[in-house]
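Chemist: sharing a sequence plus its predicted fold:
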Amino acid sequence: MTQTTRPSPEQLLSIGEVSERTGVAKSALHYYEQLGLISAERTTGNQRRYHRHMVRRVSLIVVAKRLGIPLTDVAQALAELPHDTKPTTGDWRRVSKVWRTTLVERRRELERLEHELTGCIGCGCLSMTACKLLNPDDELGAEGPGARRLLGSTDASE
């Protein structure tokens, strides 16, 4: 039977150290912990102590936020990683595969948006001339507000 050894206090980082190393505010670290994106151990004095590998998770969250990826998507990807041990190369490979799929879909959405912006915004409409051709009598208006053609459209030539 294998016994797990708890890391010594020197191997753990305080919230201030994680904040300093990642550039993320302590309040944001608290929030990420509430969402289950990161985790911390508690000292006998109830202070948070983070495993060093949490710095990598926080850094990934920062990059995802910069790219506009919602924290729910981040949580879904990170759910595959262990909290209590350093992730293995295989763990990161699995997470990377999930991210790749998400990023490919985001890229497709951006390309559809780029195509739509060259003519019509997909109706809620920038071009009344094109709108008469692509959406006569505002037929898409009956489907609800917002850009109807962009939502779920897979054919950029529509």
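Modeler: Yep, it's here.

Chemist: show me where pLDDT drops low in this protein?
Modeler: Low-confidence segments of the chain (pLDDT under 70): 1-10, 116-141, 146-158.

Chemist: what do you get if the cut-off is 50, keeping everything else the same?
Modeler: Across the chain, the ranges flagged by pLDDT under 50 are 1, 153-158.

Chemist: just the helices in it please.
Modeler: Counting by DSSP state H, the chain has helices at residues 15-22, 26-35, 54-66, 71-78, 89-117, 128-134.

Chemist: how far away is residue 18 from residue 27?
Modeler: Distance of residue 18 to residue 27, computed by CB to CB, to the nearest Å: 13 Å. Every C-beta, even on glycine, is put in place using the N, C-alpha and C of the backbone.

Chemist: ok, the two, which is more surrounded?
Modeler: For residue 18 versus residue 27, the count of surrounding residues by other CB atoms under 10 Å is larger for residue 18: 23 against 10.

Chemist: and that one, what does it touch?
Modeler: The contact partners of residue 18, by CB atoms under 8 Å, 6 or more residues apart in numbering, come to 24, 29, 50, 54, 55, 58.
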